[in-house]
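Q: I would like the atomic coordinates for the input below:
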Amino acid sequence: AKKILSFHKIRVPKFQISMLKNPVKRLGIFPYPAFVKPLGLESSEGITQMSLVNNEKEAMERIRYIHQKLETDVIIEEYIEGREIYVSVMGNDRINVFPPRELFFNQVPEGEPKFATFKAKWDDIYRKKWGIHTGPAKAFPEGVEEKILSTCKKIYQILQMSGYGRIDLRVTPSGEVVFIEANPNPAIARNDDFPLSAQKAGLEYKALISKIVGLA
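A: Here you go, the predicted model:
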């Protein structure tokens, strides 16, 4: 996905892959801090505070750990400082982009890195301790929200997504929109981000599910 979007001039983090059957020996010139995570797992499995590395030594240690512990390929990404934004998109030929939602870290000290670890997603006690939750995105600088929505629509089309999906982004302090991940099957329980985003756009839950079924 990142290779395809790069070709279409969508900003993505710089990255390298370390294959389980052919691990990288070194990373060479790479921007730090970097983010080391399993390539093919989902729901933030394998992502902890140790996933953020500051140099090649730390990166190689984390790569080896994931290869050995989780027995999977690894992606090493440039860490993008900024706000984590989730954008819900729905449609086939006619595409609707719903209002952005944001991942908040209310109790994490200013200046500390903020990203969604496995515990940040699934451990309610941990989430409560650090004030981690999603909600409607706070206001953006002028023109940035329009850029987010148009970028997500473009990504959805380029990756040939259909029915519904969610685009995960980072928005830097300067307003740059950076693609992180495309989720073609986001959670759609009543209180999940996708239905809540659709509701903010005026589409109630039963109507949303009916629309998704129709699009299928």
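Q: and the residue nearest the centre of the chain, what are its bridge partners?
A: Taking C-alpha atoms, centre = their mean as the criterion, D168 is the residue nearest the geometric centre of the chain, at 3.6 Å. Here D168 shows beta-bridge partners Y86, E181, assigned using DSSP bridges.
Q: Against I63, how distant is it?
A: 23 Å (C-beta to C-beta, to the nearest Å). C-beta here means a position set from N, CA and C on the backbone, and glycine is covered the same way.
Q: ok but F35 is inside a helix, no?
A: No: residue assignment for F35, taken from DSSP: H, G, I helix; E, B strand; the rest coil, gives strand, which places it outside any helix.
Q: Compute the number of surrounding residues for Y164.
A: The criterion is other C-beta atoms under 10 Å. On that basis, Y164 has 25 neighbouring residues.
Q: Buried residues in stretch 195-208, which are they?
A: Going by neighbour count (16 or more other C-beta atoms under 10 Å), the buried part of stretch 195-208 is P195, L196, S197, A198, Q199, L203, L208.
Q: Kindly report the same for stretch 93-103.
A: Using 16+ other C-beta under 10 Å as the burial criterion, the residues of stretch 93-103 that qualify are V97, F98, P99, P100, R101, E102, L103.
Q: of those, closest to Y164?
A: Comparing the buried residues of stretch 93-103 against Y164 with C-beta to C-beta picks out F98 as the nearest, at 9.8 Å.
Q: Got phi/psi on that closest one?
A: Dihedral angles of F98 (phi, psi; degrees, to the nearest 10) stand at phi -90, psi 160.
Q: Dump the buried residues of stretch 93-103 to JSON lines, plus pLDDT.
A: Written out in JSON lines, the entries for the buried residues of stretch 93-103 read as follows (pLDDT from 0 to 100):
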{"residue": "V97", "pLDDT": "98"}
{"residue": "F98", "pLDDT": "98"}
{"residue": "P99", "pLDDT": "97"}
{"residue": "P100", "pLDDT": "98"}
{"residue": "R101", "pLDDT": "97"}
{"residue": "E102", "pLDDT": "95"}
{"residue": "L103", "pLDDT": "92"}
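Q: In helices, which of those fall?
A: Per DSSP state H, helices hold no members of the buried residues of stretch 93-103.
Q: Need those in a markdown table (columns: distance to I132).
A: Output for the buried residues of stretch 93-103, formatted as a markdown table (distance: C-beta to C-beta, whole Å):
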| residue | distance to I132 |
| --- | --- |
| V97 | 25 |
| F98 | 22 |
| P99 | 20 |
| P100 | 17 |
| R101 | 13 |
| E102 | 11 |
| L103 | 7 |
